[in-house]
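Peer 1: Got a predicted model here, sequence first, then my questions.
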4 protein chains.
Amino acid sequence: MKRIAVMTSGGDSPGMNAAIRAVVRTALEHGVETYGIRQAYAGLMAGDFELLTSVEVSGILQRGGTILQTARNEEFKTPAGQKKGLRRLNEHQIEGLIVIGGNGSLTGALALHKMGIKVIGIPGSIDNDIFGTDMAIGVDSALNIILDSLDRLRDTASSHQRAFVIEVMGRNCGYLALMASILGGAEIVVTPEKPFTMQEIAQALEDAYVRGKSHAIAVLAEGAPYKATELQEFLDKQTNVGFEVRVTILGHIQRGGSPTAFDRLLATRMGVKAVQVLLEGESGKMVGLNGRKMDLIPLEEAVSQLRPISESYFEMARFLSR
Amino acid sequence: MKRIAVMTSGGDSPGMNAAIRAVVRTALEHGVETYGIRQAYAGLMAGDFELLTSVEVSGILQRGGTILQTARNEEFKTPAGQKKGLRRLNEHQIEGLIVIGGNGSLTGALALHKMGIKVIGIPGSIDNDIFGTDMAIGVDSALNIILDSLDRLRDTASSHQRAFVIEVMGRNCGYLALMASILGGAEIVVTPEKPFTMQEIAQALEDAYVRGKSHAIAVLAEGAPYKATELQEFLDKQTNVGFEVRVTILGHIQRGGSPTAFDRLLATRMGVKAVQVLLEGESGKMVGLNGRKMDLIPLEEAVSQLRPISESYFEMARFLSR
Amino acid sequence: MKRIAVMTSGGDSPGMNAAIRAVVRTALEHGVETYGIRQAYAGLMAGDFELLTSVEVSGILQRGGTILQTARNEEFKTPAGQKKGLRRLNEHQIEGLIVIGGNGSLTGALALHKMGIKVIGIPGSIDNDIFGTDMAIGVDSALNIILDSLDRLRDTASSHQRAFVIEVMGRNCGYLALMASILGGAEIVVTPEKPFTMQEIAQALEDAYVRGKSHAIAVLAEGAPYKATELQEFLDKQTNVGFEVRVTILGHIQRGGSPTAFDRLLATRMGVKAVQVLLEGESGKMVGLNGRKMDLIPLEEAVSQLRPISESYFEMARFLSR
Amino acid sequence: MKRIAVMTSGGDSPGMNAAIRAVVRTALEHGVETYGIRQAYAGLMAGDFELLTSVEVSGILQRGGTILQTARNEEFKTPAGQKKGLRRLNEHQIEGLIVIGGNGSLTGALALHKMGIKVIGIPGSIDNDIFGTDMAIGVDSALNIILDSLDRLRDTASSHQRAFVIEVMGRNCGYLALMASILGGAEIVVTPEKPFTMQEIAQALEDAYVRGKSHAIAVLAEGAPYKATELQEFLDKQTNVGFEVRVTILGHIQRGGSPTAFDRLLATRMGVKAVQVLLEGESGKMVGLNGRKMDLIPLEEAVSQLRPISESYFEMARFLSR
């Protein structure tokens, strides 16, 4: 191989730039040049390619977002669009492609693989919902941002009899919410996996009040059966709760900011590994963290299911919140 | 004077602990002992006083919240409650009182002053709505937290065609929202003072889109005529906006965290000054930052009106957001 | 078992409080009470024990340092001292002990185990030099602090032709320095494992200058064969370096601050596991992270050697710094 | 005026980019275009000018360093160099120049003014040593970084009997050191203005030890009569100090990172004001913060002396550190 390409796709996550840097410099180490495809599959359609030399990826390691940007694209979801994408890659004499992104992005990568181009996927998603890797790029950074917010809430909470409802990302997967709850000292957590009713939340808050807690925190995943503001309205009507309820919705600030050490390392290792296996001839696989090791799993398998959360963490959340 | 007391009241704000430390150590320098009143006027009613020595205020400078806590109290709002408060102060042989807090808290301080006890107020409120001081304790810390969030939004925004609506504190005063807008690079800001309509917001976002901006940010004060979620619903229906809209509601994380250098200095200077003027026999006054100087203004004046925002900042927000 | 004890020993590291909290609450879940031993082996000698209920460990999760403090003690290193320590544990009817700390601390734990009391160790050390665990408590937090400093250096570096020498912790182990170098984008790193000469550093900086870099960063582990200030003096005399050299010595700020998500999770899992295996009758073992799993390894093995660094990271540092 | 230029010179400081943005957009508001001169006087010599439109200054507000870079230049210090500089400005039809920087940079600005071109200076320097302004751009950001480090030291300090010596910037001016000492809770501070002897430091630490403090912090300005490492060596030989001494040298991390709210506002107001007065025909002046107001003072006056520190802060440092 003489020339590969890399793109970032789907929701951006902190660490994507570190992965791009690792891809480019590892390729250079093997005498291979790397093209960046801007705006993901939209840029692939449009032929928006640029050569990434060592200089272009200098100083991007610590930056949030992605220098290659991401975008939505409907055309690529069609067979005609995919053929056009393949044509663009061939026009630029790209022999291998690395796609960094979530489930949708990796599904696109799989389609290209099936058309014959060599493709390796790298899991990037703050939700940690990608099957086949212990952690995806961006999860650790997002979790640290959430914990920073929870720490601030607790700081002020000590001064009042208040309960805080904080809504965090995770439409299909409660990983961020659950971990934030354990590591941020929340009283209760609502996830798609364990969707407590609003009545159960009220009970948990009442319990915390009765036990003498000066404040209480409930963490809600985006994928909870109700929104934070609905929960607040419900709780305000419950006379037994004892706390005044306040809402925080973190939104996209969870995606932003400089990646943590963990995400930079994960992204770097994944970028290095992706190039190595691509050059060894692998294709249709995703790089995944498996304990200490970087493994490969078939893209087909990775995109066919969501990453489950270990039951033991739900148990931990329960007894550590006492 | 041989003995004074200090309390923190109303919504807590970062820097209150720095003010408490300054009060205690300045008093000690003059051979005066300081009692802390816990939970504000509720603690005053209950006689919840504790002697604060130099050791108790060691290591609190950098902590968010307030070690004396705050609480609501209805009893003190009655004449009988105020008499009881005065009695408690006399029981503890308190000759002077320092009240750190917002408008409501300072109104209580004024009531005590009128009953004959010497009282000095210190403005603490993240909203910067207190008349008679350029800045209140906590404003700078809150503003920095908001800017940190705006920076994160912009980080991720570069990767998408997205508009962000971010709701910040300020029920009666748009200071935080306006400054966040200027210093965080927002496209438009909605305050109680300049309540743009939702249609005007849509127009501003459309303009930003047309000018080629990859993202746009609208900052909303709590006291805007609509909520962030209502604005999102409205914008989602406008076909001309060009951006997908996402919401962040910061809530009480704006109150938390370690105070900034500015707030520590402001709180320290105010604490030092409050003790000095109390020992000089002043009463019924609030310490206020006036340019470089720490001045005194009558509490009566301070609580009678809201601090206005300089028109020039609205103008700056307009032409800097281009 | 009805009663266990926990202590933190050696240099403190962020996350120790999270481990204490997990120990206490997991023990409570099994109906076991936990005593905290203050100031490590010194407190053990002095009988400085206190019952830790759920309330005492509330709100400590996010705090740096350790609520139990640490201290040096020479007496415990003698057989007589160890007997006294055992006696103190018996006086307080402690049936099991959890020791959180580094090599020295775990060696003490091993001595107690040999005298018959049940002991489980938890590795806490920001250097990541403890054999038998992928990561020790505090490493991730320290690394993030270092990266934050490197990011700041690079921020300002872009404005000047400057080289920065930054000295980080690691007397016997270059893990922090090496990882900081890879993840912070340094040009060269000096560790006890790969102690480049000052002449080699000069060469690396010259190379960076010639390649057109606007700045360069060298990371030095504490255990490098020369100090940062010596290196600066040497480089200032080399006419070929091209950069002005500036020094930063991070020192103990690497130990401070709120633990990261990773450290909170690691500490929590280790605390939970330590109690579980202690109650199952294990002793003389250390809890260690092994990929995804929490394993046990004999304390004897853990304290007999230093954790080696994977050669592949040195290789990565080389080709990613181009 | 139809065209102005802006440069950043000397040591960079956080907020310079915010000033550049304010200059460009304020000029645009008045129909004036702005050229950026890269690498300060070196770029002026070389004719390295680029047009800055609204797009170029979009998204730079929150970035550390300066997009225009700074550099040293000896040629401009000569009369021939200054003539060449003037010629370059004329070649580009620049009618007014804004120079953002410290004493040396403003001295250069004064030279250009004397040659007839209209020049306005903006004070940028983290040391706060510039006469004629309450605060220079970057001071507040640097101070917050220092306080963050002091907070971390105290976090870990609680776990040990340790004294920390922390060296901060300030070659001629102890402002940062003094403020850090007051606001970070240090026991003693050494500045060019009050250069305590090493024996006096030892005494202060001994006093802190005897009073029962678990740790102590000494802040040293760069311009102290001895270096941090020398002080450590001295203290290590004093048997009465009671603490183990550890050193932190912050170095250039004090210059880096995103500017604080205060610095963004200060820089923005200064940038706006500088353009306004330039368009009104002013020249040879520096914009300076004077209480609440933005004033002008002659450059001649600004560069002729150092900003003094108010004696009252030294006094505060003394009695608040008890």
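Peer 2: All right, it came through fine. The structure displayed is predicted, hence computed values, not measured ones. Numbering: from 1, shown residues only, chains lettered A, B, ... in the order given.
Peer 1: Give the other helices and strands that the helix or strand containing A:Leu150 contacts.
Peer 2: A:Leu150 is located in helix A:139-157, with elements delineated by DSSP states H and E. For helix A:139-157, the helices and strands in contact under the criterion 3 or more C-beta pairs under 8 Å, 6 or more residues apart in numbering or on different chains; DSSP states H and E are strand A:162-168, helix A:175-184, strand A:215-221, helix A:261-279, helix C:261-279. Using the backbone N, CA and C atoms, a C-beta is placed for each residue, glycine as well.
Peer 1: Please identify the residues of the stretch 151-300 of chain A in proximity to chain B?
Peer 2: Within the stretch 151-300 of chain A, the positions lying close to chain B (C-beta under 8 Å from any C-beta of the partner chain) are A:151-162, A:164, A:166, A:229, A:246-253, A:255-257.
Peer 1: Can you classify the residue of chain A positioned farthest from its centre by secondary structure?
Peer 2: Going by C-alpha atoms, centre = their mean, the residue of chain A most distant from its centre is A:Thr239, 38.5 Å out. Look at A:Thr239: counting by DSSP: H, G, I helix; E, B strand; the rest coil, its state is coil.
Peer 1: Next, give phi and psi for it.
Peer 2: Per-residue torsions, A:Thr239: phi -80, psi -20 (degrees, to the nearest 10).
Peer 1: swap in A:Asp127?
Peer 2: When read as degrees, to the nearest 10, the backbone of A:Asp127 gives phi -70, psi -20.
Peer 1: you'd agree it is up against A:Ile137?
Peer 2: No. Judged on C-beta atoms under 8 Å, A:Asp127 makes no contact with A:Ile137 at a distance of 11.5 Å.
Peer 1: With neighbour numbers in mind, choose between the two.
Peer 2: Neighbours per residue (other C-beta atoms under 10 Å in any protein chain shown) separate A:Asp127 from A:Ile137, with A:Ile137 holding more: 34 against 29.
Peer 1: residues contacting the more buried one?
Peer 2: Residues in contact with A:Ile137 (C-beta atoms under 8 Å, 6 or more residues apart in numbering or on different chains) are A:13-16, A:18-19, A:100, A:122-125, A:259, A:263, A:266-267, A:270.
Peer 1: What residues are bridge-paired with it?
Peer 2: According to DSSP bridges, the partner residues bridging A:Ile137 are A:Gly124.
Peer 1: residue ranges for the strands of the stretch 201-322 of chain A, please.
Peer 2: Assignment of strands within the stretch 201-322 of chain A using DSSP state E, counting those that start in this stretch yields the ranges A:215-221, A:244-249, A:285-290, A:293-298.
Peer 1: the inter-axis angle of the last one versus strand A:285-290?
Peer 2: With axes from the mean of the first three to the mean of the last three C-alpha atoms, to 10 degrees applied, the angle from strand A:293-298 to strand A:285-290 works out at 140 degrees.
Peer 1: how about low-confidence regions in the stretch 51-200 of chain A?
Peer 2: Counting by pLDDT under 70, the stretch 51-200 of chain A contains low-confidence ranges at A:157-160.
Peer 1: Spell out which parts of it neighbour chain C.
Peer 2: Counting by C-beta under 8 Å from any C-beta, the stretch 51-200 of chain A comes close to chain C at A:54-55, A:58-59, A:61-62, A:134, A:140, A:143-144, A:147, A:150-151, A:154, A:158, A:179, A:182-185.
Peer 1: And the residues you listed, which of them are buried?
Peer 2: Buried members of these, scored by 16 or more other C-beta atoms under 10 Å in any protein chain shown, are A:58-59, A:61-62, A:134, A:140, A:143-144, A:147, A:150-151, A:154, A:158, A:179, A:182-185.
Peer 1: got the helices and strands packed on helix A:139-157 as JSON lines, with distance to B:Ile37 columns?
Peer 2: Shown next, in JSON lines, are these (distance: least, C-beta to C-beta, whole Å):
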{"stretch": "strand A:162-168", "distance to B:Ile37": "20"}
{"stretch": "helix A:175-184", "distance to B:Ile37": "31"}
{"stretch": "strand A:215-221", "distance to B:Ile37": "21"}
{"stretch": "helix A:261-279", "distance to B:Ile37": "44"}
{"stretch": "helix C:261-279", "distance to B:Ile37": "35"}
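Peer 1: Can you check which of those gets nearest to chain D?
Peer 2: Closest approach to chain D among the helices and strands packed on helix A:139-157 (C-beta to the nearest C-beta): helix C:261-279, 13.6 Å.
Peer 1: quick one: that closest one near chain D?
Peer 2: No. Figure legend: helix C:261-279 not in contact with chain D (C-beta under 8 Å from any C-beta); closest approach 13.6 Å.
Peer 1: Give me the distance between that helix and the centre of its chain.
Peer 2: With C-alpha atoms, centre = their mean, to the nearest Å as the basis, helix C:261-279 stands 16 Å off its chain's centre.
Peer 1: can you give me the mean pLDDT across it?
Peer 2: Helix C:261-279 shows a mean pLDDT of 98 in the predicted model.
Peer 1: Taking their axis directions, it and helix A:139-157 sit at what angle?
Peer 2: Using the same axes, to 10 degrees: helix C:261-279 against helix A:139-157 is 80 degrees.
Peer 1: was I right about A:Phe319 contacting C:Ala27?
Peer 2: No. Between A:Phe319 and C:Ala27 there is no contact under C-beta under 8 Å: 10.3 Å.
Peer 1: who has more neighbours, these two?
Peer 2: Here A:Phe319 and C:Ala27 are compared on neighbour count by other C-beta under 10 Å; more neighbours surround C:Ala27, at 27 against 14.
Peer 1: Could you pull up the contacting residues of the residue nearest to the more buried one when sequence neighbours are not counted?
Peer 2: Computed as C-beta to C-beta, 6 or more residues apart in numbering or on different chains, the closest residue to C:Ala27 that is not its neighbour in sequence is C:Thr34, at 4.7 Å. By C-beta under 8 Å, 6+ apart, the contact set of C:Thr34 is C:3-6, C:23-24, C:27-28, C:51-52.
Peer 1: what's the distance between stretch A:166-186 and the middle of its chain?
Peer 2: Offset of stretch A:166-186 from its chain centre (C-alpha atoms, centre = their mean): 13 Å.
Peer 1: can you tell me the distance between the two ends of that stretch?
Peer 2: Distance across stretch A:166-186, first residue to last, is 10 Å (C-alpha to C-alpha, to the nearest Å).
Peer 1: quick revisit: Provide the partner residues of the residue nearest to C:Ala27 in its beta bridges.
Peer 2: Here C:Thr34, judged by DSSP bridges, has bridge partners C:Ile4, C:Leu52.
Peer 1: quick one, phi psi at the residue of chain A found nearest chain C?
Peer 2: Nearest residue of chain A to chain C: A:Gly291, at 2.3 Å (C-beta to the nearest C-beta). Torsion angles at A:Gly291 (phi, psi; degrees, to the nearest 10) stand at phi 70, psi -120.
Peer 1: any idea how far A:Gly15 is from the nearest residue to it once chain neighbours are set aside?
Peer 2: Leaving aside its sequence neighbours, A:Gly291 sits nearest to C:Gly291 (C-beta to C-beta, 6+ apart; 2.3 Å). Distance, C:Gly291 to A:Gly15, by C-beta to C-beta, to the nearest Å: 21 Å.
Peer 1: circling back to that earlier point, let me see the contact set for the residue nearest to A:Gly291.
Peer 2: A:290-293, C:134.
Peer 1: out of those residues, who's nearest chain D?
Peer 2: Each of the contacts of C:Gly291 was checked against chain D using C-beta to the nearest C-beta; the closest is C:Asp134, at 23.8 Å.
Peer 1: what's across from the closest residue to that closest one other than its chain neighbours in the sheet?
Peer 2: Closest residue in space to C:Asp134, ignoring its immediate chain neighbours: C:Leu289 at 4.4 Å, by C-beta to C-beta, 6+ apart. Beta-bridge partners recorded for C:Leu289 (DSSP bridges): C:Met294.
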